[in-house]
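>>> Structure of the sequence below:
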Amino acid sequence: MHRFSAFIFSLFLSLASLHAEIVTNKDLLAACEDEGAAGQNFCYGFIISAANAAQFYRNMVDTQDTYLDICFSDEISNKQIVDLYKEWVKKNPSLAEAPAFVGVSTSFSSKYSCPKAAK
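Residues are numbered from 1 along each chain as shown. The predicted structure follows:
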């Protein structure tokens with residue numbers, strides 16, 4: 001695990017402890033599969049916010065791809081990002097009770113890892 005991922009995970013767990021409940025992968029998947037506006041808004045808001053945060057961090061801080069191994073293509077749509085997560089979480093049922101933020105970021109890096117620079 002990259003140092004940044006470990007830091008974000010620690011920060012997320014620290015902040016989550018201030019609340020009574022952590023959103024799990026199971027919770028987020030249920031929202032994504034709910035056809036109602038509230039479920040879809042939560043699903044897209046959660047996942048797209050994480051994607052935007054990852055891109056912001058890479059563009060502003062981690063310009064050498066040292067810590068965060070997520071490089072989205074310029075053509076990716078919000079729906080593709082959400083579908084990627086849904087596909088990933090269904091393939092990893094053992095992680096259903098894990099924090100959704102970790103699942104979302106792991107799903108991103110599973111398909112959109114940054115190209116390795118030639119040395």
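
>>> What separation is there between residue 97 and residue 105?
When distance is defined by C-beta to C-beta, to the nearest Å, residue 97 is 17 Å away from residue 105. Every C-beta, even on glycine, is put in place using the N, C-alpha and C of the backbone.

>>> List the buried residues of the longest helix along the chain.
Criterion DSSP state H: the longest helix present in the chain is helix 37-60. By neighbour count with 16 or more other C-beta atoms under 10 Å, helix 37-60 contains the buried residues 42-44, 46-47, 50-51, 54, 57-58.

>>> out of those residues, who's nearest residue 29?
Among the buried residues of helix 37-60, residue 43 lies closest to residue 29 (C-beta to C-beta), at 8.4 Å.

>>> sorry, back to before: higher neighbour count, residue 97 and residue 105?
residue 105 (24 against 10; other C-beta atoms under 10 Å).

>>> can you list contacts of stretch 36-47?
23, 28, 30-34, 78, 81-82, 85, 100, 104 (C-beta atoms under 8 Å, 6 or more residues apart in numbering).

>>> One more pass at 7 Å, please.
Here stretch 36-47 makes contact (C-beta atoms under 7 Å, 6 or more residues apart in numbering) with 28, 31-32, 34, 78, 81-82, 85, 100, 104.

>>> what's the closest non-adjacent residue to residue 88?
residue 107 (3.5 Å; C-beta to C-beta, 6 or more residues apart in numbering).

>>> Where does pLDDT dip in the protein?
Counting by pLDDT under 70, the chain contains low-confidence residues at 1-20, 58-69, 115-119.

>>> All the strands of it, residue numbers only.
With DSSP state E as the definition, the chain shows no strands.

>>> which residue ranges form the helices in it?
3-16, 25-33, 37-60, 78-91, 100-111.

>>> and the ones you listed as a markdown table, adding distance to residue 72?
Below are those laid out as a markdown table (distance: least, C-beta to C-beta, whole Å):
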| stretch | distance to residue 72 |
| --- | --- |
| helix 3-16 | 16 |
| helix 25-33 | 19 |
| helix 37-60 | 6 |
| helix 78-91 | 8 |
| helix 100-111 | 8 |
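
>>> Lovely, talk soon.
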